[in-house]
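> just the structure for this:
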Amino acid sequence: MNLDGFSAAHLGGHRTVTGSCHLVRLRGLHLLVDCGLAQGGDSVLPMDQWPVPPSRIDYVLLTHAHLDHVGRLPDLLDAGFRGEILATHATKALLAPMLEDALGFTHRSRERSRKLLDLLDELSWGFEYGETFHLKKGVKFRLGRAGHILGSAFVRLQWGDAPCSAVFSGDLGACGTPLLPDPDPPEPCRLLFLESTYGDRLHEDRKARADRLGRALVHALADGGKVFVPAFALGRTQELLYELDRLFSEPRLKEAFPELQGAGRPPVFIDSPLGLRITDIYASLGQFWDREARDLLRRGDHPLHFEGLYGVRDHRDHLHLVDSPGPAVVVAGSGMCTGGRVVDHLAKGLDDPRNDVLFVGYQAAGTPGRDILRYGERPDGYAVLDGRRVPIRARVRALGGYSAHADRSDLLRWVESMGEKPGKIRLIHGEDAARRALGRELERRGYSCEA
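Just a heads-up that it's a prediction; the model follows:
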């Protein structure tokens, strides 16, 4: 896509959901929008095949701190990048813990990882939402709220006298997400690069999702089993804590689910050192919460803490929890079951019919999470975890209202809030079926769209 000296090449995350990395060449500048890891069966272009060497990249603009958008930053630094990394203040605060955890799973020594994190901090800058900032050669950028996770943003680039402009949506969230303000409406632009993760489907009603979570927990815990919730340390874990707090403290929900109250209340374990660390950061960044969460905090009801919530930091305590009987709710990473402590829980408990697995986020093709969802209802269903074939006898279900991604109606509403139609929309960050379905609907509404 080329316009007035602007060109964009997709180095990852074009026709896949993970691995987002988009190279912009503009007025002699080279910019990356995100630099993420591929997950599951997705792939990215190796850095030695990039059309511009990493050492010649001037800026990296980050949309948010999930690893499929920032996870290759250490590789970028290793390859010689010494430009500037630009993000919101909250995203900058979340980068170090996210990447420190990820570096622990690489071949790098502890000393090399520490040096990379120090360099990352030296090159990173935090910015406010809505303010215009000047780069070189007359290029400006602005970050708008995306409503996906804390600190998430869409990126607007502007240049020239007209002026020309391009917007990268990043990952958009739906309205009504706990803790987060709704996405900002975008200004008109010539080019729009739009995510399409859920471009072919609609989520369940988000307003009733606490009720659905309550019903699922009551049903799941009736036989004394465990409820395993694979959840990303960043975003989904904090949303779940918020909703669980509502189940245990909001009068209407307490009355609706008496089984979850009082002495019979099930313990909730956050079995994720990174999830606990991120939750502490979320708690320290209350100025970025939505009004409802801030009001709760002012009334003394902290939305990320409640009675019966336990953090599991030590590995010995983790192993003890794996072997402990239910009832209990266990929230553990990783969100797609590709690694982390949830794998131990599932390897031990997936073949027990008293247990339940609740998926609250997207499961990419090729991940164990996708396989558990796909084969969970088959009598001979199984999943491969750490090289072991584990029968699936636990009950498996997905709570769609918990997706951090906008669905088709949210995406369409966001585009239409622009006021004027963009000159061109290119759909990225989605599997083939989702991109094509969203593209057809956009074209039906009169948009020029490339899927």
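
> three-state assignment of residue 364?
coil (DSSP: H, G, I helix; E, B strand; the rest coil).

> what about the closest residue to it other than its chain neighbours, which SS state?
Excluding the flanking residues, the one nearest residue 364 by C-beta to C-beta, 6 or more residues apart in numbering is residue 40, at 3.7 Å. Bear in mind the C-beta positions are built from the backbone N, C-alpha and C, glycine included. At residue 40 the chain is in coil, as set by three-state DSSP.

> give the contact list for residue 40.
Listed by C-beta atoms under 8 Å, 6 or more residues apart in numbering, the contact partners of residue 40 are 18, 336, 338, 364-367, 370.

> following element in sequence after the helix-or-strand element of the chain with minimal mean pLDDT, please.
Least confident helix or strand, the chain: strand 2-3 with a mean of 60, by mean pLDDT, DSSP states H and E. Scanning forward in sequence from strand 2-3 by DSSP states H and E, the next helix or strand is strand 6-12.

> that following strand - contacts with which helices or strands?
Under the contact criterion of 3 or more C-beta pairs under 8 Å, 6 or more residues apart in numbering; DSSP states H and E, strand 6-12 touches strand 21-26, strand 164-168, strand 191-195.

> give me the buried positions along it.
6, 8, 10-12 (16 or more other C-beta atoms under 10 Å).

> low-confidence ranges in the stretch 1-150 of the chain?
1-3 (pLDDT under 70).

> do a quick rundown of the strands in it.
2-3, 6-12, 21-26, 29-33, 59-61, 84-88, 124-127, 132-134, 140-145 (DSSP state E, counting those that start in this stretch).

> which other helices and strands contact the helix or strand where residue 269 lies?
Using DSSP H and E, residue 269 sits within strand 268-271. Packing contacts for strand 268-271, counted by 3+ C-beta pairs under 8 Å, 6+ apart, involve helix 236-249, strand 309-311, helix 315-323, strand 328-332, helix 341-349.

> okay, the ones you listed, which one's buried deepest?
Mean neighbour count (mean count of other C-beta atoms under 10 Å) peaks for strand 328-332 among the helices and strands packed on strand 268-271, with a mean of 25.

> re the thing from before, mind putting the strands of the stretch 1-150 of the chain into a markdown table with distance to residue 229?
Converted to a markdown table, these look like this (distance: least, C-beta to C-beta, whole Å):
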| stretch | distance to residue 229 |
| --- | --- |
| strand 2-3 | 44 |
| strand 6-12 | 28 |
| strand 21-26 | 29 |
| strand 29-33 | 31 |
| strand 59-61 | 32 |
| strand 84-88 | 27 |
| strand 124-127 | 31 |
| strand 132-134 | 39 |
| strand 140-145 | 27 |
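
> which one of these lies closest to residue 393?
Distance to residue 393, taken as C-beta to C-beta, is lowest for strand 6-12 among the strands of the stretch 1-150 of the chain, at 37.0 Å.

> what's in contact with that closest one?
Strand 6-12 is touched from outside by 1, 18-26, 32, 36, 38, 42-45, 50-51, 157, 159, 164, 166, 191, 193, 426, 428, with contacts defined as C-beta under 8 Å, 6+ apart.

> for PyMOL, what selects the buried ones among the residues you listed?
Buried members of these, defined by 16+ other C-beta under 10 Å, are picked up in PyMOL with:
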select buried, resi 18+19+20+21+22+23+24+25+26+32+36+38+42+44+45+50+157+159+164+166+191+193+426+428
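
> sorry, back to before: can you tell me which of the strands of the stretch 1-150 of the chain is nearest to residue 68?
Closest among the strands of the stretch 1-150 of the chain, once you apply C-beta to C-beta, is strand 6-12, at 8.8 Å.

> kindly format the C-alpha coordinates of that closest one as CSV.
What follows is strand 6-12, C-alpha atoms only, in CSV (Å, rounded to 0.1, in the frame of the first residue of the first chain):
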residue,chain,number,x,y,z
PHE,A,6,4.2,6.2,2.5
SER,A,7,4.5,2.4,2.1
ALA,A,8,3.8,-0.4,4.5
ALA,A,9,5.1,-4.0,4.4
HIS,A,10,3.8,-6.7,6.8
LEU,A,11,6.6,-8.7,8.5
GLY,A,12,4.1,-10.6,10.6
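
> so it versus strand 29-33, what angle?
Relative orientation of strand 6-12 and strand 29-33, computed by axes from the mean of the first three to the mean of the last three C-alpha atoms, to 10 degrees: 40 degrees.

> who's in contact with residue 296?
Contacts of residue 296 (C-beta under 8 Å, 6+ apart): 302-303.

> need the residue closest to the centroid of this structure.
Nearest to the geometric centre of the chain sits residue 66, at 5.3 Å (C-alpha atoms, centre = their mean).

> my guess is it contacts residue 234. True?
Yes: with contacts counted by C-beta atoms under 8 Å, residue 66 reaches residue 234, the gap being 6.1 Å.

> take the helices and strands packed on strand 6-12 and write them to TSV, including distance to residue 353.
Listed next are the helices and strands packed on strand 6-12 as TSV, based on distance: least, C-beta to C-beta, whole Å:
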stretch	distance to residue 353
strand 21-26	43
strand 164-168	46
strand 191-195	38
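
> of the ones you listed, give the one that comes closest to residue 343.
Shortest distance between residue 343 and the helices and strands packed on strand 6-12, using C-beta to C-beta, is found for strand 21-26: 27.0 Å.

> the helices in the stretch 251-400 of the chain, which residues?
251-256, 273-284, 291-298, 315-323, 341-349, 368-375 (DSSP state H, counting those that start in this stretch).

> buried residues in the first one, which are they?
Going back to what we said before, that points to helix 251-256. Buried, per 16+ other C-beta under 10 Å, within helix 251-256: 253-254, 256.

> which one among the residues you listed gets closest to residue 436?
Closest approach to residue 436 among the buried residues of helix 251-256 (C-beta to C-beta): residue 253, at 39.5 Å.

> could you check how far that closest one is from residue 390?
34 Å (C-beta to C-beta, to the nearest Å).

> same check on residue 269?
In terms of C-beta to C-beta, residue 269 sits 21 Å off from residue 390.
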